[in-house]
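Q: structure for this input, please:
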Amino acid sequence: MIWSAIEKFSVQGVQFVISIALARLLMPSDFGVIGMISIFIAISTTFVNSGMSSGLIQRQNRTELDYSTVFVFNAVVSVLFYALLYLTAPYIATFYKTPLLTPIMRVIGLNIVISAFAVVQRSRLTIDLDFKTLAKVNVSSVLVSGGIAIYCAYTGFGVWSLVYKQLAAALISVALLWYYSRWKPSLSFSKESFNNLFGFGSKLLIAGIYAQVFQNIYNLAIGKYYSSKELGHYTQAKSISEVVAGTVSSILSQVTFPLLSELQGDKKRMISIFTRIIRMSSFVIFPAMTCLAVLADPFVNFFLGAKWSDTIPLLQLMCFARIFYPLSVLNLSLLNSNGRSDLFLKVDLSKAPFIILGLWITIPLGVEAMVIANLIIAAISYLINAYMPGKLFGYGIVSQLKEVWLTLVLSATMGLVVVFILSFFNSDLLKLLVGVFASALSYLGLSYLFKVRELDIFFNMARDLLRNR
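A: Just a heads-up that it's a prediction; the model follows:
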């Protein structure tokens, strides 16, 4: 967990600095153009993976033939999907009325083929819980690709700076994964192995496609009905809100899936660990997202500049929309780790009517109304995700909320305290400095006062980590 956290927060920290530099050098419309094609790239990437990497992780007795089968399948499918993207790029550009999308999609689409050649290597490191190596790979790729993007933006490449950033990140990541993994495919393919892995992964494939469609459908709708500038503000707000929520969720998903998969035969211990992770994740994510929402105004004005001011209300709403997102991820991970990808699919599909209805109502009302609908749907989604673990393991919505309600109340109290303190300051820099300090001091003080046990756990983890350096 510690190495995964170091990796994710290091990557997000570097990306945060890079995104600030790029936001100052580029225009909101540049980010909007990339946002337009995100849904097509995401769906293609999901098809290439096809859930088979998760099948490898979840499977107890893996063989070299299993690994090679997944490698061959991913390689072939990635080429097919890139060819499809290449041919359909002009039609997608026509849909958005943005001709520039044709060459951009054809270049970014190469990432699908490149990344497919390291899916197995990444899965093997995850199975071995070797998050230290994954940290080296991901941090290195982000640093180098970010430096390339900043140079390109500074020298006038515009939106292509963002394209080259993604391409460079994929190339570096794949090269390092091959170097560190030391695994080489035999290029053998087993129909029996494929059927076994795809039997589990097919449900995740459908759920993954569904998830990518509905995660990126706002990009599609805003890009179609509004300007690339407005889409740029939306994508920037989403990106910033996911620095914390998305990172924590990624850590939890990466670590808990292989961990809980190993414990699926011991339900009592599995739920015990699941409960601890629920409490620890909420202890971090609730105050972090509350703090970011409260400081959104000075944060955007100071770091991004006045041209990004329309991002502020969207960012505040997204912070609250994502406050329960890590807990939703944990509930779905619990289902997958127990081989219930069929229930994972059913749970995910049950949210579709709410998302479609929310979009149908709010598209004519503007981008901010669409984000408000997303907040409501996020709350509903958590309740749906927590229902099935309650039915299967006796640890559902009520049990989980009992574990986190105090943390939620303390986070809200912290937010009110910080809002009051900030009313005495005018400088954006002072608001940020004072706001972060006041948030940390008030939240930790309240946690100590109410004897929140996760405070001791985190202090003990930090002390052990320093002792073992």
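Q: quick one: buried residues of the helix or strand hosting Val76?
A: Secondary structure assignment for Val76, by DSSP states H and E: helix 64-96. Neighbour counts over helix 64-96 (16 or more other Cβ atoms under 10 Å) mark 66-75, 77-78, 81-82, 85, 89, 92-93, 96 as buried. All C-beta spots, glycine's among them, are computed from the backbone N, C-alpha and C.
Q: now stretch 361-376
A: Across stretch 361-376, burial judged by 16+ other Cβ under 10 Å covers Thr362, Ile363, Val367, Met370, Val371, Ile372, Ala373, Asn374, Leu375.
Q: which members of those residues are the farthest-apart pair?
A: Ile363 and Leu375 (15.9 Å; Cβ to Cβ).
Q: coming back round to it: from the buried residues of stretch 361-376, which is closest to Ser188?
A: Using Cβ to Cβ, Asn374 comes nearest to Ser188 of the buried residues of stretch 361-376, at 45.0 Å.
Q: quick check: closest non-adjacent residue to the closest one.
A: Once flanking residues are discounted, Asn374 sits nearest to Ala321: 5.3 Å by Cβ to Cβ, 6 or more residues apart in numbering.
Q: please state the offset of stretch 169-183 from the chain centre?
A: Centre-to-centre, stretch 169-183 and its host chain are 21 Å apart (Cα atoms, centre = their mean, to the nearest Å).
Q: any chance you could list what contacts stretch 357-371?
A: 217-218, 221-222, 225-226, 230, 233-234, 237, 313-314, 317-318, 321, 372-374, 376-377 (Cβ atoms under 8 Å, 6 or more residues apart in numbering).
Q: and what of stretch 78-85?
A: Residues contacting stretch 78-85 (Cβ under 8 Å, 6+ apart): 40-41, 44, 47-48, 105-106, 109-110, 112-113, 115-117.
Q: which of those residues fall in strands?
A: Judged by DSSP state E, these include no members of strands.
Q: just the CA atoms of stretch 350-358, as CSV, please.
A: Extracted in CSV, the C-alpha atoms of stretch 350-358 (Å, rounded to 0.1, in the frame of the first residue of the first chain):
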residue,chain,number,x,y,z
SER,A,350,-27.9,-0.7,-13.2
LYS,A,351,-26.6,2.9,-13.1
ALA,A,352,-27.1,3.6,-16.8
PRO,A,353,-30.7,4.9,-16.5
PHE,A,354,-29.7,7.5,-13.9
ILE,A,355,-26.8,8.7,-16.0
ILE,A,356,-28.9,9.0,-19.2
LEU,A,357,-31.7,10.7,-17.5
GLY,A,358,-29.4,13.2,-15.8
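Q: tell me the buried residues in it?
A: Neighbour-count burial for stretch 350-358 [16+ other Cβ under 10 Å]: Lys351, Phe354, Ile355, Gly358.
Q: ok, now stretch 221-236?
A: Per 16+ other Cβ under 10 Å, stretch 221-236 contains these buried residues: 221-223, 226, 228-236.
Q: distance between the ends of that stretch?
A: Chord length of stretch 221-236, first to last residue, is 16 Å (Cα to Cα, to the nearest Å).
Q: tell me the average confidence for it?
A: Average pLDDT, stretch 221-236: 88.
Q: so what touches it?
A: 19, 23, 27-36, 38, 95-96, 98, 218-219, 304, 308, 310-311, 314, 359, 363, 367, 370-371.
Q: now which of the contacts of stretch 78-85 would you call buried?
A: Using 16+ other Cβ under 10 Å as the burial test, the contacts of stretch 78-85 include 40-41, 44, 47-48, 105, 109-110, 112-113, 115-117 as buried.
Q: and the residue nearest to the spatial centre of the chain, how far from Ala288?
A: By Cα atoms, centre = their mean, the chain has its centre lying nearest to Gly246, at 3.9 Å. The spacing between Gly246 and Ala288, counted by Cβ to Cβ, to the nearest Å, is 12 Å.
Q: how is the protein partitioned into domains?
A: With automatic domain parsing as the criterion, the domains of the chain are listed as 1-225, 226-469.
Q: any regions of the stretch 301-450 of the chain where pLDDT drops low?
A: Residue ranges of the stretch 301-450 of the chain with pLDDT under 70: 336-345.
Q: the helices in it, which residues?
A: Using DSSP state H, counting those that start in this stretch, the helices of the stretch 301-450 of the chain run over 311-321, 325-337, 341-349, 352-362, 367-393, 397-422, 428-449.
Q: is it possible to get JSON lines of the ones you listed that adds distance to Lys184?
A: Output for the helices of the stretch 301-450 of the chain, formatted as JSON lines (distance: least, Cβ to Cβ, whole Å):
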{"stretch": "helix 311-321", "distance to Lys184": "43"}
{"stretch": "helix 325-337", "distance to Lys184": "28"}
{"stretch": "helix 341-349", "distance to Lys184": "29"}
{"stretch": "helix 352-362", "distance to Lys184": "41"}
{"stretch": "helix 367-393", "distance to Lys184": "39"}
{"stretch": "helix 397-422", "distance to Lys184": "44"}
{"stretch": "helix 428-449", "distance to Lys184": "47"}
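Q: quick one: closest of those to Leu292.
A: helix 311-321 (5.0 Å).
Q: just the residues contacting that closest one, thanks.
A: So helix 311-321 is in contact with 233-234, 236-238, 240-241, 245, 289-290, 292-293, 296-297, 299-301, 304, 367-368, 371-372, 374-375, 378, going by Cβ under 8 Å, 6+ apart.
Q: buried residues in that helix, which are they?
A: Thr311, Ile312, Pro313, Leu314, Leu315, Gln316, Leu317, Met318, Cys319, Phe320, Ala321.
Q: what is the nearest of those to Met280?
A: Nearest to Met280 among those is Cys319, at 19.9 Å by Cβ to Cβ.
Q: which residue is the nearest non-sequential neighbour of that closest one?
A: Cys319 sits nearest to Ala293 (Cβ to Cβ, 6+ apart), 3.8 Å away.
Q: tell me the mean pLDDT over whichever strand or helix holds that neighbour?
A: Element membership of Ala293 [criterion: DSSP H and E] is helix 267-294. Averaged over helix 267-294, pLDDT sits at 84.
Q: so which other helices or strands are in contact with it?
A: helix 228-262, helix 311-321, helix 325-337, helix 367-393, helix 397-422, helix 428-449, helix 453-467 (3 or more Cβ pairs under 8 Å, 6 or more residues apart in numbering; DSSP states H and E).
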